[in-house]
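> give me a model of this one.
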Amino acid sequence: AAPAPPIPFLTAQGNLGDDKSDAERVYAFELGYRAQLSDQGSVDVALFYNDHDKQMGANPNAKTFNDLGVYVERLKLLQDKEKADAYGAEVALNWIVNPSWTLGATYTYLDVDHQNNPPGEKREEPTHKINLSSKVNLPNNFQFDAFAYYVDSVPQQDLWSLPGGPADPPPMKLEDVDSYVRLDLRLGWNPREDVEFSLVGENLLESNHREWGTGIGDNDTVVPRAAYLKMTLKF
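Just a heads-up that it's a prediction; the model follows:
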């Protein structure tokens with residue numbers, strides 16, 4: 001006779017710390033160049049390399065039954081065993097249109113090579129980023145600033161892709177983090193040199209967007225549309 005199918009168990013997930021872990025170490029190297037194109041414009045170019053050591057990572061290899069044998073506890077052991085090499089470049093342009101109006105543009109390229117990741121853990125970062133800015137000084141000590149951002153997509157952050165035993169749930173197909181465009185606006189007023197009032201609107205193109213996470217809501221970073229008033233007093 002065919003063997004009976006395994007009894008499905010519920011699975012609980014948790015984290016375990018390691019008191020032997022050390023602080024992360026980073027060795028950062030950067031080479032930059034700045035050129036004044038004219039009285040109105042300048043360009044900055046930077047190349048960088050970062051060597052990351054002793055990064056914290058989750059090793060999902062600890063599985064135990066609870067005392068009653070009803071569910072499986074699948075634990076992530078957090079250890080400082082990971083390494084990463086980050087390479088990149090950044091180009092920034094600034095242009096003074098006139099004494100009251102300044103434009104800026106920045107492009108950033110990032111490539112990260114993660115090493116010693118625990119089996120099943122996958123980490124990615126956005127490769128391309130573009131920032132655009134416009135700053136205008138208006139009459140009567142008002143300012144109007146606009147900032148636009150483009151961030152590249154990030155492949156799925158799958159931290160639980162290990163195939164388990166018959167009592168484990170199947171590996172989850174997690175969502176990618178989509179690329180997004182964000183627009184922020186600011187209206188400022190300085191009634192005097194040491195006082196500033198600002199009305200700021202953030203993420204105005206959509207009600208919210210996800211910048212990080214798995215798509216199942218447990219650790220997602222979701223940025224909502226927001227607006228606020230700000231007062232700054234300098235002394």
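> show me what contacts the closest residue to Y180 other than its chain neighbours?
Residue nearest to Y180 in three dimensions, not counting chain neighbours: H209, with 4.5 Å by CB to CB, 6 or more residues apart in numbering. Every residue, glycine included, has its C-beta placed from N, CA and C. Contacts here follow CB atoms under 8 Å, 6 or more residues apart in numbering; on that basis H209 touches D178, Y180, R182, N203, V222, V223.
> give me the sheet partners of the helix or strand containing the last one and which way each runs.
Here V223 sits within strand 221-224, counting by DSSP states H and E. For strand 221-224, the pairing partners within the sheet under DSSP bridges are strand 208-212 (antiparallel).
> now the strand it pairs with: buried residues?
Neighbour-count burial for strand 208-212, with 16 or more other CB atoms under 10 Å as criterion, is recorded at H209, R210, E211.
> how many neighbours does the spatially closest residue to the second one that is not a sequence neighbour have?
In this structure, R210 finds its nearest non-sequential neighbour in V222, 5.2 Å apart by CB to CB, 6+ apart. The local packing count at V222 equals 11, with neighbours defined by other CB atoms under 10 Å.
> what segments of this protein are strands?
Counting by DSSP state E, the segments of the chain that form strands are 10-16, 25-36, 41-65, 71-98, 101-115, 128-138, 142-151, 180-192, 195-202, 208-212, 221-224, 226-233.
> D113: what's it in contact with?
D113 touches A84, D85, A86, Y87, counting by CB under 8 Å, 6+ apart.
> again, 6 Å this time
Residues in contact with D113 (CB atoms under 6 Å, 6 or more residues apart in numbering) are D85.
> can you check L103 too?
L103 touches W95, S134, counting by CB under 6 Å, 6+ apart.
> likewise A148?
A148 touches L132, L183, counting by CB under 6 Å, 6+ apart.
> what's the answer for D184, then?
F147, E202.
> show me what it is bridged to.
Here D184, judged by DSSP bridges, has bridge partners F147.
> can you pull the poorly scored residue ranges out of the chain?
1-19, 21-22, 54-81, 116-123, 156-175, 213-219 (pLDDT under 70).
> hmm, try it at 80
1-24, 53-83, 114-124, 155-176, 212-221 (pLDDT under 80).
> neighbours around the nearest residue to G104 once chain neighbours are set aside, how many?
Leaving aside its sequence neighbours, G104 sits nearest to S133 (CB to CB, 6+ apart; 4.1 Å). Counted by other CB under 10 Å, the residues lying close to S133 total 16.
> V26 versus S133, what's the distance?
Noted for S133: a distance of 28 Å to V26, by CB to CB, to the nearest Å.
> gap between the closest residue to E30 other than its chain neighbours and E124?
Residue nearest to E30 in three dimensions, not counting chain neighbours: F48, with 4.5 Å by CB to CB, 6+ apart. Noted for F48: a distance of 19 Å to E124, by CB to CB.
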